[in-house]
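Peer 1: Build the 3D model from these lines:
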Amino acid sequence: MPVVVVTGARQTGKTTLANLLTPGRRYLTLDDIAVLDQAERDPASLLAELPVTLDEVQRAPALLLAVKRRVDAARKAGSLLLTGSANLSLMGTVPESLAGRAIYLELPPFCPAEWSGESVTATGLDALFAAKFSAADWPERRCRWESWVVRGGFPDALKAEDDAARDLWFAGYVQTYLERDLRQLSNVGSLVDFQRLMRLLAHRTARPLNQSDVARDAGLPQPTAHRYLNLLETGCQIARLQNYQRSAGKSAAKARKLMWRDTGLAAWLAGVKLGAVASRPDAGFWLEQAVFQTLQSWAALDSRRRVHYWREGDVEIDFVLEQAGELVGVEVKATKKIGSEDLRGTRAWQAAFTRKGEVPRAVVLHGGDEARFLGQNTWALGLGALLPA
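Peer 2: Residues are numbered from 1 along each chain as shown. Here you go, the predicted model:
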């Protein structure tokens with residue numbers, strides 16, 4: 001494609017990655033006031049010499065019109081590499097989608113495997129979609145999920161010397177996001193209200209999202225809460241997972257599940273501290289959030305992949321992984337032993353999606369080391385593959 005667009009939250013490493021992949025390539029950032037002024041005043045002049053990498057393009061949405069004209073005049077693969085700290089497809093101010101000219105890629109924060117120097121393939125998630133799966137295909141590792149909850153995946157937070165240094169980094173990150181990044185996306189009347197909403201949402205991670213309840217508890221009009229949620233999603237801070245149903249219309253009508261793109265940021269906003277995670281009454285939700293850190297990296301590597309959840313009545317399954325139309329249900333449990341009572345949601349999901357006698361695969365990820373077959377195309381597998389000690 002002539003244009004590659006890499007989006008993700010600020011500080012995930014987009015600029016570093018772009019420069020590592022294309023050393024010596026002409027590079028311009030719209031964080032530079034002079035470059036930003038040129039992008040707004042004479043965008044075509046920025047594109048006179050190709051190839052070029054343009055960083056933080058969400059700061060000048062109209063630049064994409066000039067990109068379209070430049071590409072149409074001379075189409076050549078790899079001409080433009082654009083990065084941005086916002087999901088351009090969700091920005092109402094973007095006048096041009098670059099349809100047919102660009103491929104969009106997402107760079108989420110590091111997942112534990114990546115930070116340990118491995119690929120996401122090493123987690124075993126790909127093996128779950130194999131025609132024949134065996135427990136031997138799943139990596140055996142001891143689990144230490146609590147520390148990953150508070151560390152998250154931002155490089156600078158992961159490199160912090162101690163908890164106090166990490167707290168300072170997250171405080172600065174939120175302040176920068178509120179005072180700079182957010183202002184670039186929209187005119188927010190009260191940053192205090194917006195930050196209060198962020199903290200409220202952090203306490204509701206990994207749960208179906210009711211916007212009316214959120215607005216009421218935040219003391220905001222519902223349209224304002226709705227707009228703030230959209231801004232957080234556009235800024236790559238949260239994700240809202242669809243309730244997977246056979247009918248796309250039915251799926252769209254169901255409540256979405258709130259997840260944060262970075263579990264460490266969510267934990268900081270909620271006041272979650274290392275050493276007290278597992279004893280919290282909402283520990284199960286934080287474990288799901290930590291697992292999502294890897295699932296989003298897995299999904300970002302292939303456009304045919306999606307992460308959903310499923311809920312019907314009072315039964316649910318934590319995640320539904322989709323790859324090229326194939327489904328795998330994922331239930332997450334902190335317990336080290338899996339019993340029949342832990343399979344209620346899994347069995348209900350399998351019953352709902354069994355077709356012509358073919359039962360969809362499901363796995364229960366748990367805090368122990370045991371990997372075993374549970375019958376009915378279901379396996380118990382250790383969480384250590386995704387959240388290693």
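
Peer 1: Can I take it that residue 205 is in a strand?
Peer 2: No: residue state for residue 205 (DSSP: H, G, I helix; E, B strand; the rest coil) corresponds to coil; a strand is not indicated.

Peer 1: At the geometric centre of the chain, which residue sits there?
Peer 2: residue 261 (4.0 Å; CA atoms, centre = their mean).

Peer 1: what separates that one from residue 165, distance-wise?
Peer 2: Noted for residue 261: a distance of 22 Å to residue 165, by CB to CB, to the nearest Å. (Glycine included, C-beta is placed from N, CA and C.)

Peer 1: Report the contact partners of residue 277.
Peer 2: Taking CB atoms under 8 Å, 6 or more residues apart in numbering as the criterion, residue 277 is in contact with 146, 149, 150, 267, 283, 286.

Peer 1: Now, those that are in helices?
Peer 2: 146, 149, 150, 267, 283, 286 (DSSP state H).

Peer 1: And residue 95, what's its pLDDT?
Peer 2: For residue 95, the model assigns a pLDDT of 54.

Peer 1: re the thing from before, now list the buried members of the ones in helices among the contacts of residue 277.
Peer 2: Buried by 16 or more other CB atoms under 10 Å: 146, 149, 150, 267, 283, 286, out of the ones in helices among the contacts of residue 277.

Peer 1: May I have the residues that are in contact with the last one?
Peer 2: This means residue 286. Applying CB under 8 Å, 6+ apart, the residues near residue 286 are 149, 205, 206, 263, 267, 272, 277, 280.

Peer 1: and the fourth one, how many neighbours?
Peer 2: Just to be clear, that refers to residue 263. Per other CB atoms under 10 Å, the neighbour tally for residue 263 reads 30.

Peer 1: What of the third one?
Peer 2: One way to gauge burial is a neighbour count; for residue 206, by other CB under 10 Å, it gives 25.

Peer 1: That one contacts residue 263, doesn't it?
Peer 2: No: Residue 206 is not in contact with residue 263 according to CB atoms under 8 Å; the separation is 9.8 Å.

Peer 1: So which residues of the stretch 151-300 of the chain form helices?
Peer 2: For the stretch 151-300 of the chain, the helices defined by DSSP state H, counting those that start in this stretch occupy 155-158, 163-176, 182-185, 191-202, 211-218, 222-234, 248-253, 263-270, 283-300.

Peer 1: Buried residues, the longest one. List them.
Peer 2: So that's helix 283-300. Buried residues in helix 283-300 (16+ other CB under 10 Å): 283, 285-300.

Peer 1: And stretch 304-314, by the same measure?
Peer 2: So for stretch 304-314, counting by 16+ other CB under 10 Å, buried means 305, 307, 308, 309, 310, 311.

Peer 1: Ok, stretch 173-180 next?
Peer 2: 173, 174, 177, 178.

Peer 1: Distance from it to the middle of the chain?
Peer 2: With CA atoms, centre = their mean, to the nearest Å as the basis, stretch 173-180 stands 19 Å off its chain's centre.

Peer 1: Wasn't residue 28 part of a strand?
Peer 2: Yes: assessed with three-state DSSP, residue 28 lies in a strand.

Peer 1: Surely it touches residue 55?
Peer 2: Yes: assessed by CB under 8 Å, residue 28 is found in contact with residue 55 at 6.9 Å.

Peer 1: Between the two, tell me which one has more neighbours.
Peer 2: Higher neighbour count among residue 28 and residue 55: residue 55, with 22 against 18, using other CB under 10 Å.

Peer 1: Quick one: residues contacting residue 321.
Peer 2: Counted by CB under 8 Å, 6+ apart, residue 321 has contacts 125, 128-129, 295, 298-299, 305-308, 327-330.

Peer 1: Now do residue 202: how many residues are near it, please.
Peer 2: 21.

Peer 1: Ignore what I typed, I meant residue 357.
Peer 2: Residue 357, neighbours per other CB under 10 Å, totals 5.

Peer 1: Kindly report the same for residue 105.
Peer 2: Residue 105 has 15 nearby residues by other CB under 10 Å.

Peer 1: So it belongs to a strand, correct?
Peer 2: Yes: with three-state DSSP as the criterion, residue 105 is located in a strand.

Peer 1: Identify all residues paired with it through a beta bridge.
Peer 2: Per DSSP bridges, the residues bridged to residue 105 are residue 6.

Peer 1: the bottom helix or strand of this protein by mean pLDDT?
Peer 2: Ranking every helix and strand in the chain by mean pLDDT, DSSP states H and E puts helix 248-253 at the bottom, with a mean of 70.

Peer 1: Contacts for that one, please.
Peer 2: 242, 243, 244, 245, 308.

Peer 1: Which residue in the residues you listed has the weakest pLDDT?
Peer 2: Scoring the contacts of helix 248-253 by pLDDT puts residue 245 last, at 90.

Peer 1: where among the helices of the stretch 151-300 of the chain is the average confidence lowest?
Peer 2: Among these, helix 248-253 has the lowest mean pLDDT, at a mean of 70.

Peer 1: what's the domain layout of this protein?
Peer 2: For the chain, automatic domain parsing gives the domain ranges 3-106, 112-385.

Peer 1: circling back to that earlier point, which neighbours do residue 206 and residue 263 have in common?
Peer 2: 286, 289, 292.

Peer 1: hey, what's the residue lying closest to residue 54 once chain neighbours are set aside bridged with?
Peer 2: Once flanking residues are discounted, residue 54 sits nearest to residue 82: 5.2 Å by CB to CB, 6 or more residues apart in numbering. Assessed by DSSP bridges, residue 82 has beta-bridge partners residue 5, residue 54.
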